[in-house]
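Chemist: Attaching a predicted model along with its sequence, questions to come.
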Amino acid sequence: MTNKLKYFIGNWKMFGDFTSFKIISRISMFSRSYARLGRKKIVLCVPNTLIYFFKKKLKSKHIFLGAQNCHHEDGFGPYTGSISPMMLKKIGSEYIIIGHSENRKEGETDKMIKRKIAFSLKNKINIIFCIGETSSEKRKKQTFSVLRKQLKNSLEKKFDFNKILIAYEPVWSIGSNKIPKINELKKIIIFIKKECGKNFNVKKLRVLYGGSVNPQNIRLFSLISNIDGFLIGGASQSAKKFIDIIKNYYK
Ligand code: PGA
């Protein structure tokens, strides 16, 4: 078993209400009682409507809360329906997912993503920056060039990479039950780390994998030691599945 710190990050998407605290509470109990099960960090990125409520109720130091997106301006401003990084920090977000393909699909550009990252860092929020190719890009063998472009266009040397996690999430894998071949995934993780080393002078970059991770296939992913953790969507909406993913990872 590895003793390297691993991240298990849940992305609840548009899911959950106040009663969903029971999910967090079960995960928190598990985390406390299995504290010795490898060095791990558990983060749950929940809807903005729940962050403050969960933060107040959650007594555990074992679980961190995060948001799933923010506006590309900070502070307050005339942006109907939007929430800034500063506002998210104030309600207790310690992490934030930025650049998720479900938001890119809605028109979020690399330039907007860069601003979101910069403002979130300014507010001392840890970043989970998502990158990944679509199925047609994969078919055309453009995976590496797409990832290179996404990294180059949204990151900067001056960013604090101790506060940035990159989540490689192939778009074709999200919610589809399809996962990359282990050998391909290994190469992609190495590529991402190398690219960031070269372009941004990062010595130690942490890279997560996301896309259809479940309690069964997590055993396969545990074979890749250079993956620093996982971004888990659908399965994180169930305490049992999320806990089983962690247990099976360390089996
Ligand atoms: P999934 O989603 O685990 O449901 O495939 C992952 C994500 O969108 O972050």
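Modeler: Sure thing, it's come through. Residues are numbered from 1 along each chain as shown.

Chemist: Pull the residues that contact stretch 110-119.
Modeler: Under the contact criterion Cβ atoms under 8 Å, 6 or more residues apart in numbering, stretch 110-119 has outside partners 69-74, 84-86, 96, 98-99, 104, 127, 129, 149-150, 153-156, 159, 164. All C-beta atoms are positioned from the backbone trio N, CA, C, and that covers glycine.

Chemist: Centre of the chain to it, how far?
Modeler: Offset of stretch 110-119 from its chain centre (Cα atoms, centre = their mean, to the nearest Å): 16 Å.

Chemist: Just the buried ones from the contacts of stretch 110-119, in PyMOL syntax?
Modeler: Buried members of the contacts of stretch 110-119, defined by 16 or more other Cβ atoms under 10 Å, are picked up in PyMOL with:
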select buried, resi 69+70+71+72+73+74+84+85+86+96+98+99+104+127+129+150+154+155+159+164
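
Chemist: Strands - which of the contacts of stretch 110-119 land there?
Modeler: Using DSSP state E, Ile96, Ile98, Ile127, Phe129, Ile164 are the members of the contacts of stretch 110-119 that sit in strands.

Chemist: Filter the residues you listed to keep only those in contact with the ligand.
Modeler: Among these, none lies close to the ligand by the criterion of Cβ under 6 Å from any ligand atom.

Chemist: Those residues into TSV, with extra columns for pLDDT?
Modeler: Output for the ones in strands among the contacts of stretch 110-119, formatted as TSV (pLDDT from 0 to 100):
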residue	pLDDT
Ile96	98
Ile98	98
Ile127	98
Phe129	98
Ile164	98
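
Chemist: Once you drop chain neighbours, what's closest to Ser173?
Modeler: Gly211 (3.0 Å; Cβ to Cβ, 6 or more residues apart in numbering).

Chemist: Ile91 now?
Modeler: Using Cβ to Cβ, 6+ apart, the nearest residue to Ile91 is Tyr52, at 4.2 Å.

Chemist: The strand or helix carrying that neighbour: how far from the chain's middle?
Modeler: Element membership for Tyr52, per DSSP states H and E: helix 48-57. Mean-position distance between helix 48-57 and its chain equals 19 Å (Cα atoms, centre = their mean).

Chemist: quick check: mean pLDDT across it?
Modeler: Mean pLDDT, helix 48-57: 97.

Chemist: Show me what it packs onto, helices and strands only.
Modeler: Helix 48-57 sits against helix 21-33, strand 63-67, with contacts defined as 3 or more Cβ pairs under 8 Å, 6 or more residues apart in numbering; DSSP states H and E.

Chemist: Buried residues in the first one, which are they?
Modeler: Buried residues in helix 21-33, counted by 16+ other Cβ under 10 Å: Phe21, Ile23, Ile24, Ser25, Ile27, Ser28, Phe30, Ser31.
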